[in-house]
Structures are given as structure tokens and as C-alpha cells.
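1. Output the structure for:
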Amino acid sequence: MPKLLIAPEGVGEHLWIVPENKPPFPVEIEDLDLSEELMDRIEAWGDAFDAIYDPAHPAGSSFPSAEAEIVWRAEGQLIAAAIRDELDDDWEIETKF
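-> Numbers count the residues shown, from 1 in each chain. The predicted model follows:
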């Protein structure tokens, strides 16, 4: 069963394929069979992360407020649910954010 990990790890790297017994590798949203609307949501969600991410100090990256982070995390969970709905039942979806 293919596994998709939703986990922002750097600018532009938000979705990962997780093969068995191999390290995860980033995947472009265009390479998944998702609707344009969902891809747009994923892009906007990823852009919100990219805007606060500091590659020189990843641990110091933070949202401007606790509320902004809560909203971002909630949207991430809604996106994960939408991906589950659109992808095959054969896919396993995991989140890490």
C-alpha cells in the first residue's frame, strides 16, 4: 500500500512518498491524482508554512500567533481528510506537523 506523508520539512517540501524500507522522498502535488481545488488548497497551506520557515534556524520558525498556528494545523488536517477522500483506498495518509 503506498503511503503519503504530509509533513512540511522545508520550503516547497510538504508531501512525501514513504516507500517500504527506504527513506521518504518529496513528491509534487501535480504527480498525485488530486482535483485542482485541492491542489490549490495544498499550495496555499504550504505557502503559509514557507512564509514563516527560516532555513537557517528551522527550530526558531514560528507562526505570528498561536491562533495562526492552530488555524494552519486545522487546515492541514482538513487537507489530509480531503486527500484521503480523493485518493484510492489503497493509499495510507499520515500527517506530521
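2. so what secondary structure elements neighbour the longest strand anywhere in the chain?
-> Ranked by number of residues, the top strand in the chain under DSSP state E is strand 3-10. Helices and strands touching strand 3-10, by 3 or more Cβ pairs under 8 Å, 6 or more residues apart in numbering; DSSP states H and E, are strand 13-17, helix 66-86, strand 92-95. Every residue, glycine included, has its C-beta placed from N, CA and C.
3. Compare these and give me the one nearest Ala56.
-> strand 13-17 (16.2 Å; Cβ to Cβ).
4. Next secondary structure element downstream of that closest one?
-> Downstream of strand 13-17, the next assigned helix or strand under DSSP states H and E is strand 25-26.
5. mind checking how far the longest strand of the chain is from the chain centre?
-> On the basis of Cα atoms, centre = their mean, to the nearest Å, strand 3-10 sits 5 Å off its chain's mean C-alpha point.
6. Quick one: low-confidence residue ranges for the protein.
-> Residues of the chain meeting the criterion pLDDT under 70: none.
7. Report the separation between the residue lying farthest from the centre of the chain and Lys3.
-> Relative to the mean C-alpha coordinate of the chain, counting by Cα atoms, centre = their mean, the farthest residue is Asn21 (21.4 Å). Noted for Asn21: a distance of 12 Å to Lys3, by Cβ to Cβ, to the nearest Å.
8. Same question for Glu43.
-> From Glu43 to Lys3 the distance is 22 Å (Cβ to Cβ).
9. again with Glu13
-> When distance is defined by Cβ to Cβ, Glu13 is 16 Å away from Lys3.
10. who has more neighbours, those two?
-> Set Glu13 next to Lys3 and count neighbours by other Cβ atoms under 10 Å: Glu13 wins out with 17 against 14.
11. ok, the closest residue to the more buried one other than its chain neighbours to Gly60 distance?
-> Excluding its sequence neighbours, the residue lying closest to Glu13 (Cβ to Cβ, 6 or more residues apart in numbering) is Pro26, at 4.6 Å. Counting by Cβ to Cβ, the gap from Pro26 to Gly60 is 23 Å.
12. Equivalent analysis for Ala81, please.
-> Taken as Cβ to Cβ, the span from Ala81 to Gly60 is 30 Å.
13. Nothing else from me, thank you.
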